[in-house]
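S.K.: any chance you can model this:
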Amino acid sequence: MEIRIRLFAGLRERAGAPEVALELPDGALVSDALTEMYELIGDVPVVMAVNRDYADRDEPLRAGDELALIPPVSGGALVAAHVRVTDEPLSLDSVYQRVRDPRAGAVVTFSGVTREVAQLDYEAYMPMAERKMEHIVLAAIERHNLSAAAAEHRIGVVELSEASVTVAASAPHRAEAFAGAREIIDDIKAQVPIWKKEAGQWKGTHPPSRPGS
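M.R.: The predicted structure is shown next:
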């Protein structure tokens, strides 16, 4: 089967192209693709994404998949991201401090608060929720050239006017910071396994199926 390998920054320059085709046997995993690409990757630490969703080495691949190999982001840090799911009160200052960066000329913050009802009750599948949030934040950093980004989500009872989710994104320019913050909050609401109980009913996210499934 054939898959596409997307390359960025130094890896793209090494290959002389932003994308290469790779032949793999049926049933191959991401780790098999990394082995085949070893001469190109060398000692560069990479994060992997399959069809724009961050993936582990044991993720299975299918014909036509796109595997992105993402090297360290600008400034040399592989992870300029912070995520947290907690039952403690949230603070915009907390995420703001997480994304301060001397390269950034803009910092955008967002706070989603309880409105119109006395309280909301949130529940999360914790290990998966934090992992998915991290994937979302890392993807936004790469796609919008952010300096750093952070997201925190509350679980348990959140009273009227208290924050249930906070997001911050920093970037050299305001357009990228706004776009990155908007993407992070939209994707958290759409994809992360967190549910809220409102007016006696549980409402949750419904992660979309992976392309090709």
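
S.K.: in the protein, which residue is most central in space?
M.R.: The chain has I136 as the residue nearest its centroid, 1.7 Å off, counting by Cα atoms, centre = their mean.

S.K.: pairing partners for the helix or strand of the chain with the lowest mean pLDDT, with directions?
M.R.: When each helix and strand of the chain is scored by mean pLDDT, DSSP states H and E, strand 201-204 comes last, with a mean of 72. If you go by DSSP bridges, strand 201-204 pairs up with strand 194-198 (antiparallel).

S.K.: number of nearby residues for the closest residue to A17 other than its chain neighbours?
M.R.: Leaving aside its chain neighbours, A17 sits nearest to L7 (7.3 Å; criterion: Cβ to Cβ, 6 or more residues apart in numbering). All C-beta atoms are positioned from the backbone trio N, CA, C, and that covers glycine. Counted with other Cβ atoms under 10 Å, the neighbours of L7 add up to 24.

S.K.: go on, F110?
M.R.: By the criterion of other Cβ under 10 Å, F110 has 18 neighbours.

S.K.: now D32
M.R.: Counted with other Cβ under 10 Å, residues neighbouring D32 total 16.

S.K.: cool, D26 as well?
M.R.: For D26, using other Cβ under 10 Å, the count is 8.

S.K.: SS state for it?
M.R.: Secondary structure state of D26, per DSSP: H, G, I helix; E, B strand; the rest coil, is coil.
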